[in-house]
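S.K.: fold the stuff below for me.
(one chain, ligands or ions: 1)
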Amino acid sequence: MPFTIQQATWRDLQDLYRLEHTCFEEDAWPALDLLGVLTFPGIVRLKAEWGGKMVGFIGGETRDHQQTGWIITLGVLEEYRRHGVAKALLQECEQQLATRSMRLCVRVSNENAIRLYKDAGYMQVEIWPQYYRGGEDALVLEKYLV
Ligand SMILES: CC(C)(COP(=O)(O)OP(=O)(O)OC[C@H]1O[C@@H](n2cnc3c(N)ncnc32)[C@H](O)[C@@H]1OP(=O)(O)O)[C@@H](O)C(=O)NCCC(=O)NCCS
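M.R.: Residues are numbered from 1 along each chain as shown. Modelled structure (predicted):
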């Protein structure tokens, strides 16, 4: 693999801010929320580095008294996509959260991400109507790990 997966820290804030705004445009989180992802206790925060550059990031947390893991953000820079970076970040995040099940939500139109998640074993369990900015619905996907 030409990339490595490592823990991210507050020092990655600037790179994460750029990555988030490139990947998510109108859905991008503000800097303060990103700082929270990089510093709050209990959050799994992993970056993918390729040639010393942050090219991908995943954040995950536990909810429901540690029963369920949630992917809260996942993005890979466009030039580095289709090389397995997201798949590797997702696998490592699932392992580090070590919950019985995982959940996430995704825009219904985001076919690439939905394919990634379904290939990784996630299945649709709910729809949250008009969850996203602009009024688009969210699919809630779930995967059981044990
Ligand atoms: C979705 C995203 C994270 C995928 O990142 P990636 O590093 O390119 O994904 P991977 O290379 O690990 O792909 C793993 C699998 O997902 C599926 N997949 C990912 N991108 C795909 C695409 N553009 N077209 C078709 N299938 C795709 C494929 O099954 C792929 O396996 P394969 O390459 O062996 O066919 C990336 O496109 C992205 O950052 N998009 C913008 C942000 C976003 O939508 N994040 C998810 C929000 S819920």
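
S.K.: tell me the spacing between residue 21 and the ligand.
M.R.: 11 Å (Cβ to the nearest ligand atom, to the nearest Å). C-beta coordinates here come from the backbone N, C-alpha and C atoms, glycine included.

S.K.: who in this protein is up against the ligand?
M.R.: 23-24, 74-76, 81-87, 106, 110, 112-113, 115-116, 119 (Cβ under 6 Å from any ligand atom).

S.K.: next, the contact list for residue 8, please.
M.R.: By Cβ atoms under 8 Å, 6 or more residues apart in numbering, residue 8 lies in contact with 16, 38, 45-47, 54, 57.

S.K.: mind checking which of the residues of the chain next to the ligand are in helices?
M.R.: 23-24, 85-87, 112-113, 115-116, 119 (DSSP state H).

S.K.: top of these by neighbour count?
M.R.: Comparing those by number of neighbours (other Cβ atoms under 10 Å), residue 85 comes first, having 25 neighbours.

S.K.: and the ones in helices among the residues of the chain next to the ligand, which two are the farthest apart?
M.R.: 24 and 119 (21.2 Å; Cβ to Cβ).

S.K.: now stretch 40-58, how far from the centre of its chain.
M.R.: 10 Å (Cα atoms, centre = their mean, to the nearest Å).

S.K.: oh, and call the first residue 28 from now on, that's how I've got it
M.R.: Yep, numbering from 28; the last one is stretch 67-85 now.

S.K.: okay, how far is it across it, tip to tip?
M.R.: Terminal residues of stretch 67-85 lie 14 Å apart, using Cα to Cα, to the nearest Å.

S.K.: what residues of it count as buried?
M.R.: Using 16 or more other Cβ atoms under 10 Å as the burial criterion, the residues of stretch 67-85 that qualify are 70-77, 81-85.

S.K.: just the residues you listed: which are in strands?
M.R.: 71-77, 81-85 (DSSP state E).

S.K.: so what's the residue count around residue 89?
M.R.: Using other Cβ under 10 Å, residue 89 is surrounded by 17 other residues.

S.K.: paired strands for the helix or strand hosting it, with orientation please.
M.R.: Using DSSP states H and E, residue 89 maps to strand 80-90. Applying DSSP bridges to the sheet, strand 80-90 is found paired with strand 71-77 (antiparallel), strand 95-103 (antiparallel).
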